Every structure is written in structure tokens, then in C-alpha cells.
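> Give me a 3D structure for the following:
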Amino acid sequence: MNHVGKDTSAELDMQTLAGRIRRWGRELGFQEVGITDTDLGPTEERLEAWLADGRHGTMEWMARHGRKRTRPEDLVPGTHRVISVRMDYHPGHQAASADTTLDDPGKAFVSRYALGRDYHKLMRKRLQRLASWIEAETGSRGYRAFVDSAPVMEKPLAEKAGLGWIGKHTLLLNHRAGSWFFLGEIYTDLPLPVDTPGTDHCGSCRACIDICPTGAITGPYQLDARLCVSYLTIEHQGSIPEELRPLMGNRIFGCDDCQMVCPWNKFARPTDEADFHPRHGLDTAALIALFAWDEATFLARTEGSAIRRLGHHRWLRNIAVALGNAPSTPEVCDALLARRDHPDDVVREHVGWALARHGEQGL
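Reported below is the predicted structural model:
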């Protein structure tokens, strides 16, 4: 790429620096690094239409910052390029099979990304190290690192940076690594050469659309968050719509169905990061055992975990739904009855619903 005002030697220097950035990123544990410009015009149009349709549900923060989300140079003035990175997280054989857990209605299913430690701090520290190495090399202080921590369109940026393409389930796919990876970004003022954007390789496949338990993938590349189990169990604060509760099965934190069925994930590699391996037996935990956690236990067991952001009340709400979907046994009913008079209105409502599913008197 030609840069206005840059001579050939300067352009070669940026090319060399880009190569070093990729090498440094791999040394820090990122599986891939890409670079793109800040033009997200088509993405901006799609986002605004999605918001106008209300498909973001109660996630008001999606619209809170206006167009700063789709205009990186407005969020961080002086930004010319975005360095996008990905890091694998699937625990592989370190975790019990997701299929096995989903097939056992007495077990709790937790999305693979949340079985271990929260990825935000780990990735942010490494991105900061990468940024500091770039700063030491160039003297530039015009950068800011992000890991799902600001209004950043991480998937469209990663697609433009050549890290993959946005699949029909709206997640980023990589032809060498599937979709089991986290994304992070560095906004920089350096005029680095950009990479070739990713191209779509979904073809006629619609496995993710067909498998979605609640029909949240309403069409190719179309997601209605209001129906998504991940949204309902993680982002949504209040009561879960009754008509969706039976469809959630035993999923208490997130949903991986669309990733599990994607043929590209046969190329995914298990993570080498020990922090992403399961903790506290969350890959094999029984619903009844987790429902018995008091708030102090919940806070202790979820320290350093993405699950902690739920708070104890939403944790109980989600498990109550799963217990309502579990086979009727005396143990399940006893567990629910023990929470029937919980002080939180939303917890009581969902416990009452679950008890009614088992033929027990609710509230």
C-alpha cells in the first residue's frame, strides 16, 4: 500500500515493523495478528439497521456511544490502523465433552469460553506488552488496547485484518482454526501496511442456523439477540420470556451449539493456555450442586471468572430454568423448594415456573 507523504524507505520501515509486530504477537501467545484501516462504512449501516429493529434487546450500551463504535478515529483521535489479534481458547480434552454435558439434563452446561479464568485481563496484559514493544521501537505513544472493553467492532475489524470471515452465525471463522478464539485490538496512529480482508467460505452450509435451540439465527448472517441463549443467560437482566425457557435446556451460561456444529471447527486446535482450562469442575457440575451455592460460595468459586459478572441472583435464575427442564425427581423438586421463598422477585418467579413444570405448587 502506498502512503501519502511517505518515501520508499519509510514505507519499507513500516513493512518491517508490521512483520515484527506479527512475530511479537506470536511470542506473546496470540495465534494470529492482522492489520487493517479504520473504514467500517458498510458495518455502520448494518449496525444502525440492527439497532433500529431492536434486535439488541436490553443491551442499551450497543447504541450508547453513537458512531464511535464504527469510527475508530472518533473513539481514539489519531487512529490510522487497527492491529487485530486472536487467541485460541477451546480446552479440548481438558474439559468434558460439550455434547455429553448437553445430553445429560442433570448437568449444567457452561460455554467453553467461561470454564476457566476470565480472558479479559490475560489478553489485555499481553496486548499492553505488545503495544509497549511497538512504542519502544517507534517512540509513538498513539495507541490504545482493547479486549471487549469499549465500543469496538471487533469482528468486522478482524475480518478486515484478514483473521477470517464473519460466518452465518455472526461469529468470526478462520479456515485454519474454526471459531474457538478470543479477539483483541490495538488502535494505533502508525501508518502500517494493511492486510487483505478475509473472504466468506460458508457456502451453502446452514448447520448453525438449523441447530440454534431458540431460532436466534433468523437467517444467514442475521442474529436476533433477544432470542439468543447467550444473551438471555448473560446479558439480560430481568425475567426470561416463558416461551423461551423450555428451549434453553440445561444451558446456564452461554450457548455453543452453533460453534459445535460448524464444520470449520474440525480445524480448531485446543488451547495451550492453562488459564483457559476448566476450574472448580464447571465442565461436569450437577445443576443441583450449583443451585445450592450461597452468595459467598458463588463469589469464591467465580473469582477471576467471566461468570462472576452475572451476580448470584442471575446465576440462580438461570439454574432454576435448567432445573425446570430437568427430569422430575425428588432431588430436583427439593432443590427448587429450598429457593421458593428467595428474596429476589426474579429468582422466585423462575423457581415458581420450574416447580410448576414438575407439578409442584409454585409461589
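
> make it CA atoms for all contacts and neighbour counts henceforth
Will do.

> which regions of the stretch 251-363 of the chain sit below the pLDDT cut-off?
Low-confidence segments of the stretch 251-363 of the chain, defined by pLDDT under 70: 361-363.

> can you give me the strands in it?
Counting by DSSP state E, counting those that start in this stretch, the stretch 251-363 of the chain has strands at residues 251-253.

> Identify each of the helices in it and give its residue range.
Secondary structure of the stretch 251-363 of the chain (DSSP state H, counting those that start in this stretch): helices at 257-260, 287-291, 295-301, 312-325, 330-337, 345-357.

> which of those helices is buried the deepest?
Neighbour counts (mean count of other Cα atoms under 10 Å) averaged over each of the helices of the stretch 251-363 of the chain peak at helix 312-325, with a mean of 25.

> Would you mind measuring from A322 to N250?
According to Cα to Cα, to the nearest Å, A322 stands 4 Å off from N250.

> shared neighbours of the two, anything?
Common neighbours of A322 and N250 are listed as 105, 108 (criterion: Cα atoms under 8 Å, 6 or more residues apart in numbering).

> Next, count neighbours for K107.
For K107, the count of nearby residues is 25 (other Cα atoms under 10 Å).

> which one is it nearest to, not counting chain neighbours?
Spatially, and ignoring its direct neighbours in sequence, K107 is nearest to A286 (4.3 Å; Cα to Cα, 6 or more residues apart in numbering).

> give the contact list for the one you found.
Neighbouring residues of A286 by Cα under 8 Å, 6+ apart: 106-108.

> Reformat the residues you listed as JSON lines; add distance to W50.
Listed next are the contacts of A286 as JSON lines, based on distance: Cα to Cα, whole Å:
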{"residue": "G106", "distance to W50": "36"}
{"residue": "K107", "distance to W50": "35"}
{"residue": "A108", "distance to W50": "32"}
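
> and of these, the nearest to V261?
Closest approach to V261 among the contacts of A286 (Cα to Cα): A108, at 19.4 Å.

> And the closest one, how far from R86?
Distance from A108 to R86, by Cα to Cα: 28 Å.

> what do you get for G66?
G66 is 26 Å from R86, by Cα to Cα.

> Neighbour count: those two, which is higher?
Legend: neighbour count by other Cα under 10 Å for G66 and R86, higher for R86 (23 against 12).

> From the contacts of A286, pick the one nearest C262.
Distances from C262 to the contacts of A286, taken as Cα to Cα, are shortest for A108 (22.2 Å).

> My guess is that closest one contacts M248. True?
No - using Cα atoms under 8 Å, A108 is not in contact with M248, being 11.3 Å away.

> so who does the residue lying closest to W315 once chain neighbours are set aside touch?
Nearest residue to W315 in three dimensions, chain neighbours excluded: I252, at 7.6 Å (Cα to Cα, 6+ apart). By Cα under 8 Å, 6+ apart, the contact list for I252 reads 108-110, 233, 315, 318-319, 322.

> I'd like those written out as CSV, with distance to S132 added.
CSV is the format used below for these (distance: Cα to Cα, whole Å):
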residue, distance to S132
A108, 41
F109, 39
V110, 35
T233, 37
W315, 38
N318, 41
I319, 43
A322, 45
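
> Pick the one among those closest to P330.
Closest to P330 out of the contacts of I252 is A322 (15.5 Å), distances taken as Cα to Cα.

> For that closest one, give me its contacts.
Listed by Cα under 8 Å, 6+ apart, the contact partners of A322 are 105, 108, 248-252, 287.

> could you flag which of those are buried?
105, 108, 248-252, 287 (16 or more other Cα atoms under 10 Å).

> what's the burial count for the residue nearest to R226 when sequence neighbours are not counted?
Nearest residue to R226, sequence neighbours excluded (Cα to Cα, 6+ apart): G57, at 5.1 Å. Using other Cα under 10 Å, G57 has 17 other residues around it.

> Wait, G57 touches C228, no?
No - assessed by Cα under 8 Å, G57 is found out of contact with C228, at 10.1 Å.

> Quick check: the residue nearest to R226 vs A356, distance?
27 Å.

> same check, this time on E48
Distance, E48 to A356, using Cα to Cα: 41 Å.

> got the contact list for H169?
Contacts for H169 (Cα under 8 Å, 6+ apart) come out as 208-209, 217, 220-223, 258.

> now those: which count as buried?
Buried among the contacts of H169 (16+ other Cα under 10 Å): 208-209, 217, 220, 222-223, 258.

> I'd like those residues as CSV, with secondary structure and distance to F182 appended.
Output for the buried ones among the contacts of H169, formatted as CSV (DSSP: H, G, I helix; E, B strand; the rest coil; distance: Cα to Cα, whole Å):
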residue, secondary structure, distance to F182
C208, helix, 19
I209, helix, 22
I217, strand, 21
P220, coil, 22
Q222, strand, 21
L223, strand, 19
C258, helix, 16
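
> want to throw those residues into JSON lines with distance to W293?
Listed next are these as JSON lines, based on distance: Cα to Cα, whole Å:
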{"residue": "C208", "distance to W293": "34"}
{"residue": "I209", "distance to W293": "35"}
{"residue": "I217", "distance to W293": "33"}
{"residue": "P220", "distance to W293": "40"}
{"residue": "Q222", "distance to W293": "37"}
{"residue": "L223", "distance to W293": "33"}
{"residue": "C258", "distance to W293": "30"}
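
> of those, closest to E242?
E242 lies nearest to I217 out of the buried ones among the contacts of H169, by Cα to Cα, at 19.3 Å.

> Can you tell me, leaving aside adjacent residues, what's nearest to the closest one?
With sequence-adjacent residues excluded and distances taken as Cα to Cα, 6+ apart, I217 is closest to L223, at 4.6 Å.
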